[in-house]
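1. Give me a 3D structure for the following:
(chains A, B, C and D)
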Protein chains: 2
Amino acid sequence: MTGRLRADARRNVEGIRRAALDVFRAGGLTTPLDEVARAAGVSKGTIYHRFGSRRGLIDAVVEELVLERIEGIITAVEALDDPLERFEEYLLRTWLLQFDEPAANDVLMRTLPESEPLTTLFDRSCGFGRQVLHDAQAAGAVRDDITPEDLAYLILERGVIARACDQQTRDDYRRRLDFVLRGLRTAR
Amino acid sequence: MTGRLRADARRNVEGIRRAALDVFRAGGLTTPLDEVARAAGVSKGTIYHRFGSRRGLIDAVVEELVLERIEGIITAVEALDDPLERFEEYLLRTWLLQFDEPAANDVLMRTLPESEPLTTLFDRSCGFGRQVLHDAQAAGAVRDDITPEDLAYLILERGVIARACDQQTRDDYRRRLDFVLRGLRTAR
DNA sequence: GTGCTACTTGACTGCATGGTCAAGAAAATA
DNA sequence: TATTTTCTTGACCATGCAGTCAAGTAGCAC
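-> Numbering: from 1, shown residues only, chains lettered A, B, ... in the order given. Got it, this is the predicted structure:
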């Protein structure tokens, strides 16, 4: 995209990327493009010229925006041994990420199902979650009637909540996550 | 409202009420008024003339739309003896109501915080819930660290989910409610 | 039936969004 | 510097909603 562009165009592509990173980081991937344009100091039309569409812009920044966060969770969880701890840590960290980073939440909620970079990121997290769930169930630590789809829903649900109930404090949000985690363990 | 109105106006008020009941029942209280107007066979302007505002219309129908449902839950729960059963039945029925009736969900989510009829209905359900929670905690059946605000949130959350994740089947929605309930009981 | 007045209409404003394009501006080239 | 090519602009279209109002319609009293 930055191949044989005119100087001003190259400058703009970079400026728009940077602005999109800032704006999307703060407000998620559904923020109006006018805001990105304003932040970049260009007109909306330029964004469409340089990136083709809203999706094009998102595809160009989503990895830089979210990849690290998702990999960070996987790495942190892989450092743990106990299957239950792994499962709960995966969910907890994912849920907190959804609260802290609207853009990551959009990825985990599949807000833009068309985008492949986004889908790839989603699958990365989701696939790892499946495995962690499977292991915890094999160890008898987590209810057997939870399916991988249930797990995906537990994350989707939390995303919807993080997005809609944005007046709650992080501490309250965090505290309530324990109620949910508790319900997933095997009854003893 | 039906005092000294001209014949056509009286007819229209009734028609609009009936249409609003149908349309709001199906789509919740945030359905565009154009749909109500179309269903009633009048123009949007007439609704505003007869009911003053969107809120006026909602105030005029919300009780008929929701009161019975909420009272039904309270009655059903009061017929039970065991505090835990009462608590779980209250939550379960409320959550299912939120899935089945978008309008009731809007009441329980306080979608229109300005409306007093709506607030009254909300308080009815919420106050009863508090009491049921308190009894269940006094009996040692439900976690002590759950506050009345947490209870309100458990319902608000479910409302957001019912509204946003409308592609899931009722059976799946129902099944997943058990996970949440399980997490609220005291660990044993 | 005639005229008064209550009532209804639908086109209008206003707002927020996504997305497009002709015309003008600026960089590159000669 | 003059010409060509690329790029940017912001006004514009479309959509979907809330809410308003001048002008036309229809019920009602006499």
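2. now the closest residue to chain B within chain A, nearest residue through space, not along the chain?
-> Closest residue of chain A to chain B, C-beta to the nearest C-beta: residue A:183 (2.7 Å). In short, each C-beta sits where N, CA and C put it, glycine included. Spatially, and ignoring its direct neighbours in sequence, residue A:183 is nearest to residue B:183 (2.7 Å; C-beta to C-beta, 6 or more residues apart in numbering or on different chains).
3. Surely that neighbour is in contact with residue A:177?
-> No: at 9.9 Å, residue B:183 and residue A:177 do not qualify as touching, with contact defined as C-beta atoms under 8 Å.
4. List phi and psi for residue A:80.
-> Note on residue A:80: its backbone torsions stand at phi -90, psi 160 [degrees, to the nearest 10].
5. what's the burial count for it?
-> When counting by other C-beta atoms under 10 Å in any protein chain shown, one arrives at 15 neighbours for residue A:80.
6. next one: residue A:56
-> Here the neighbour count serves as a burial measure; for residue A:56 (other C-beta under 10 Å) it reads 14.
7. Quick one: residues in contact with the helix or strand containing it.
-> When elements are assigned from DSSP states H and E, residue A:56 belongs to helix A:54-78. Counting contacts by C-beta atoms under 8 Å, 6 or more residues apart in numbering or on different chains, the residues outside helix A:54-78 that touch it are A:1, A:16-17, A:20-21, A:24-25, A:29, A:33, A:36, A:47, A:51, A:86, A:89-90, A:93-94, A:97, A:101, A:103-104, A:107, A:112, A:114-118, A:121, A:124-125, A:128, A:132.
8. While we're on residue A:66, how confident is the model there?
-> Per-residue confidence at residue A:66 stands at 97 (pLDDT).
9. got it, and residue A:146?
-> Among the per-residue scores, residue A:146 holds a pLDDT of 97.
10. So it, which state does it fall into?
-> Here residue A:146 is recorded as coil under DSSP: H, G, I helix; E, B strand; the rest coil.
11. wait, doesn't it sit right on residue A:133?
-> Yes: here residue A:146 reaches residue A:133: they are 6.7 Å apart, a contact under C-beta under 8 Å.
12. Of those two, which one has the most company?
-> Taking other C-beta under 10 Å, residue A:146 and residue A:133 do not tie; residue A:133 has more neighbours (23 against 20).
13. quick one: that one is in a strand?
-> No: following the definition three-state DSSP, residue A:133 is helix and is not counted among the residues of a strand.
14. What distance do you get for the residue of chain A found nearest DNA strand D to residue A:34?
-> Of chain A, the residue with the smallest distance to DNA strand D, taken as C-beta to the nearest atom of the strand, is residue A:45 at 2.1 Å. Here the distance between residue A:45 and residue A:34 works out to 11 Å (C-beta to C-beta, to the nearest Å).
15. Repeat that for residue A:40.
-> Using C-beta to C-beta, which is the criterion applied here, residue A:40 is 11 Å from residue A:34.
16. higher neighbour count, the two?
-> Taking neighbours as other C-beta under 10 Å, residue A:40 and residue A:34 compare with residue A:40 leading, 21 against 11.
17. List the residues that contact that one.
-> Each residue near residue A:40 by C-beta under 8 Å, 6+ apart is listed here: A:12, A:15-16, A:18-20, A:47.
18. go with 10 Å
-> In this structure, residue A:40 makes contact with A:12-20, A:22-23, A:46-47, judged by C-beta atoms under 10 Å, 6 or more residues apart in numbering or on different chains.
19. any chance of those in TSV, plus neighbour count and secondary structure?
-> As requested, the contacts of residue A:40 are exported to TSV (neighbours: other C-beta atoms under 10 Å in any protein chain shown; DSSP: H, G, I helix; E, B strand; the rest coil):
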residue	neighbour count	secondary structure
A:12	19	helix
A:13	21	helix
A:14	12	helix
A:15	16	helix
A:16	24	helix
A:17	20	helix
A:18	14	helix
A:19	21	helix
A:20	28	helix
A:22	14	helix
A:23	22	helix
A:46	18	helix
A:47	24	helix
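20. Let's have these in JSON lines, adding distance to chain B.
-> Formatted as JSON lines, the entries for those read as follows, by distance: C-beta to the nearest C-beta, whole Å:
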{"residue": "A:12", "distance to chain B": "36"}
{"residue": "A:13", "distance to chain B": "35"}
{"residue": "A:14", "distance to chain B": "36"}
{"residue": "A:15", "distance to chain B": "34"}
{"residue": "A:16", "distance to chain B": "30"}
{"residue": "A:17", "distance to chain B": "30"}
{"residue": "A:18", "distance to chain B": "32"}
{"residue": "A:19", "distance to chain B": "29"}
{"residue": "A:20", "distance to chain B": "25"}
{"residue": "A:22", "distance to chain B": "27"}
{"residue": "A:23", "distance to chain B": "23"}
{"residue": "A:46", "distance to chain B": "33"}
{"residue": "A:47", "distance to chain B": "28"}
